[in-house]
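> Have a look at this fold, sequence not included:
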């Protein structure tokens, strides 16, 4: 996010799994690769400053060797940052509003790993809420194939507990979610 005063703050890099062009799962770690984090911040700050852009911007990249290659810029809050609702001291939504209204932009604090699972074309299942760590964000949209209807956020400093909760989610989700859960567990290991 960039404020009216030209100062920018950043979240840690978030790893994303896309399947069929749709974001399935995001994993944010409090201590990302420092070289890639610095590179991402420099790249995005240069864009924000050149455009004199105020508010949140998401930058999606590919890792190519030891460098980042920009794939997409999203001039708004972004699905890959939904984990910030439960995993950061300030969510991307609040940071966005603070930037617009010229309120202070503190650096977001992230102390624990977070996982966001996009809910795509699936019915609401309140059994998700029986599991520890699960925060449900339901969009109250009509469920249709391929449509994003909500997301689940899980955050915990204990990666074993986080991974176990992901494992417990598998039977409560459609089979196509298993690959995203396996991938998230591998990121946490």
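Good, I have the coordinates. What you are looking at is a predicted structure, and each value in this text was computed from that prediction instead of being measured.
> Model confidence at residue 106, what's the number?
Per-residue pLDDT puts residue 106 at 96.
> One more: residue 189?
We have a pLDDT of 92 for residue 189.
> quick one: stretch 147-155 to chain centroid distance?
Centroid displacement of stretch 147-155 relative to its chain, using C-alpha atoms, centre = their mean, to the nearest Å, is 10 Å.
> contacting residues around it?
When contacts are defined by C-beta atoms under 8 Å, 6 or more residues apart in numbering, stretch 147-155 is touched by residues 22, 79, 82-83, 85-87, 112-122, 124, 128, 133-139, 141, 143, 162, 165-166, 169. From N, CA and C alone the C-beta is placed, and that goes for glycine too.
> are any of these buried, and which?
79, 82-83, 85-87, 112-120, 122, 128, 133-135, 162, 165-166, 169 (16 or more other C-beta atoms under 10 Å).
> Of those residues, which belong to strands?
114-120, 134-135 (DSSP state E).
> where along the protein do the helices fall?
For the chain, helices defined by DSSP state H occupy the ranges 34-51, 84-87, 92-100, 159-169, 178-188.
> between the ones you listed, which one is nearest to residue 70?
helix 34-51 (6.8 Å; C-beta to C-beta).
> buried stuff in the closest one?
For helix 34-51, using 16+ other C-beta under 10 Å, the buried residues are 37, 39-40, 44, 48.
> Identify the residues contacting that helix?
For helix 34-51, using C-beta under 8 Å, 6+ apart, the contacting residues are 2, 6, 8, 10, 12-13, 53, 57, 59, 61, 63, 66-68, 70, 73.
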